[in-house]
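S.K.: Quick one: sequence plus predicted model below, questions after.
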Amino acid sequence: MNPPRVSYAHLGAKVNDKHLASLLRFFQSGAKPEKDDGYGVEIEHLPVRNGSDRAVSYAEPDGVETLLERLRPYYDTDKEFVEDGHLLGLSRSGISLSLEPGGQFETSIGVLHTPEELLDVYGQFRNEVAPILDELGFRLVNYGYQPVTGFADITLNPKRRYAVMDEYLGHVGSYGPCMMRASASTQVSIDYDGEADAIAKMRVGTALGPIISLFFRNSPYFEGERNPYPLLRQYIWDKTDAQRTGITPGLFDRRFGWEDYARDVLSTPMMFVDLTHTPEAKGLSEDEQEFPAFERNAADIYPDRELNDYEVSHLLSTHFNDVRLKNFVELRHWDSLPIERAELLAETVKSIFYEDDNFARWKSFAEGLNITDVELAKADLQARGMGARPFGRSMEQWQSELGLSDTRPNIPGDPVHPDVFQR
């Protein structure tokens, strides 16, 4: 007899059944029963001024806003993202450009099937942006954290969502403002063929992600000093907001499914409300369509009906688990990487999740874990770096099992190999 099913929704929170059905429908819409093995790669870049390496802000002269404006002719005019008269994003077939809160410049590339496609699309972006950056006097660098400028000296982009997030995350955790203003990542998104496959991939990604992250670490600096943490990105996110970051609650319970994930999302305070695509809000002012919701969840805000895809996407985008479920599985562990290492990371992800025999092995491995096992592995990696033994295996064993030949980063300031630190 199975023990009683545990609810991982927040205690006492209301969940609307129609909203729940909307998220389940959205997850099902992403299923690809016919094997495609497509993936997407997001690489965030830190804008730093030539000469000083200080962070470049959105609004400063010859800053990030100017860069976006200068890139405008290369992108589709009907796919621009503008808020309050400010250009905040561009897009065309195969690539989208967007900005994270502190001016981090994100390229979202996909759907991809080969590393050559990634190199081609990203290479075209770099060829277009290089002469503009030279004229503006700054660079887009690939580190997990700003090299010189501390978070307190970085201004937020003029986006209403970010102002609200800054206030909320600045109160519920220790490192929300650091994450928003100064961190940068590489993320890889993968397909699933249905509910069981999605959950299995979330488990494998959650268990292996921190191990892979140590091999691909790329955060030599933290707040203008040498970074002391083997996994800085993990350290920051685990201390940002316990309700919406870290390991997905209940993920390693064998009965966990899409409904559990949906209930967790729907019962969490919304943080920021976006009713710009809610028909019932048509005609309301901007302040009435976008506003903070620090205590209310979806049932308190949205009408008693099924939600549209925009509303669902907004709700899912306010959760930041190590592995996030949308209408694909998003793996979020890794520092911003230069393209050659991002390519290797993507190949590693493909090998784990899209080679059938390989994935079957890792799926079986993850099914034998519980949340305590994974938390202990993360803590061990954070405490001992390359001396850790996550899940009882040395890092040398993991390097072999993951097919990683030489992943030691050739960067200044490696916290695991401090002998290479130099400024």
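M.R.: On my side now, so go ahead. Residues are numbered from 1 along each chain as shown.
S.K.: roughly how far apart are Gln104 and Asn308?
M.R.: Separation of Gln104 from Asn308 (CB to CB, to the nearest Å): 29 Å. Every residue, glycine included, has its C-beta placed from N, CA and C.
S.K.: Between those two, tell me which one has more neighbours.
M.R.: For Gln104 versus Asn308, neighbours defined as other CB atoms under 10 Å are more numerous around Gln104 (25 against 15).
S.K.: Return the backbone torsion pair for the more buried one.
M.R.: Main-chain torsions, Gln104, degrees, to the nearest 10: phi -60, psi 130.
S.K.: was I right about it contacting Leu46?
M.R.: Yes. If you go by CB atoms under 8 Å, Gln104 and Leu46 touch, sitting 6.1 Å apart.
S.K.: shared neighbours, those two?
M.R.: Ala184 (CB atoms under 8 Å, 6 or more residues apart in numbering).
S.K.: which residue packs closest to Lys201, ignoring adjacent ones?
M.R.: Val329 (4.9 Å; CB to CB, 6 or more residues apart in numbering).
S.K.: any idea how far that neighbour lies from Leu344?
M.R.: Val329 is 20 Å from Leu344, by CB to CB.
S.K.: ok, now how distant is the nearest residue to Arg393 once chain neighbours are set aside from Asp356?
M.R.: Leaving aside its sequence neighbours, Arg393 sits nearest to Glu401 (CB to CB, 6+ apart; 7.5 Å). Glu401 is 17 Å from Asp356, where distance means CB to CB.
S.K.: neighbour-wise, which of these two wins?
M.R.: More crowded of Glu401 and Asp356, by other CB under 10 Å: Glu401, with 15 against 9.
S.K.: And the pLDDT for the more buried one?
M.R.: pLDDT recorded at Glu401 is 95.
S.K.: And the nearest residue to Val323 once chain neighbours are set aside, which helix or strand is it part of?
M.R.: Excluding its sequence neighbours, the residue lying closest to Val323 (CB to CB, 6+ apart) is Gly205, at 4.3 Å. According to DSSP states H and E, Gly205 maps onto helix 195-215.
S.K.: pretty sure Arg139 is in a helix, no?
M.R.: No. Counting by DSSP: H, G, I helix; E, B strand; the rest coil, Arg139 is not found in a helix; it is strand.
S.K.: Quick check: Asp238 touching Gly246?
M.R.: Yes. Look at Asp238 against Gly246 with CB under 8 Å: they come within range, at 5.4 Å.
S.K.: show me where pLDDT drops low in the stretch 1-150 of the chain?
M.R.: Scanning the stretch 1-150 of the chain for pLDDT under 70 picks out 1-12.
S.K.: what's the single longest strand in this structure?
M.R.: Looking across the chain with DSSP state E, the single longest strand is strand 39-49.
S.K.: doesn't Ser189 make contact with Arg332?
M.R.: No. The criterion here is CB under 8 Å, and Arg332 misses it with Ser189 at 9.5 Å.
S.K.: related to what we said a few turns ago, show me what the longest strand of the chain packs onto, helices and strands only.
M.R.: strand 105-112, strand 138-141, strand 185-190, helix 339-354 (3 or more CB pairs under 8 Å, 6 or more residues apart in numbering; DSSP states H and E).
S.K.: Of all the ones you listed, which one is nearest Gly150?
M.R.: Across the helices and strands packed on strand 39-49, Gly150 has its closest neighbour in strand 138-141 (16.5 Å, CB to CB).
S.K.: Give the buried residues for the next helix or strand after the closest one.
M.R.: Next in sequence after strand 138-141, counting helices and strands by DSSP H and E, comes helix 160-172. Applying a neighbour-count criterion of 16 or more other CB atoms under 10 Å, the buried positions in helix 160-172 are Arg160, Arg161, Tyr162, Ala163, Val164, Met165, Asp166, Tyr168, Leu169.
S.K.: give the contact list for the closest residue to the last one other than its chain neighbours.
M.R.: Of all residues not flanking Leu169 in the chain, Gly176 sits nearest, at 2.8 Å (CB to CB, 6+ apart). Residues near Gly176 by CB under 8 Å, 6+ apart: Met165, Asp166, Tyr168, Leu169, Gly170, Thr240, Asp241.
S.K.: Quick check: the last one touching His171?
M.R.: No. Taking contacts as CB under 8 Å, Asp241 lies outside contact range of His171: 9.7 Å.
S.K.: quick one: what helix or strand has the residue sitting nearest the centre point of the chain in it?
M.R.: What sits nearest the mean C-alpha location of the chain, by CA atoms, centre = their mean, is Arg332, with 4.2 Å. With secondary structure defined by DSSP H and E, Arg332 is part of strand 329-335.
S.K.: average pLDDT across that strand?
M.R.: Rounded mean pLDDT across strand 329-335 is 98.
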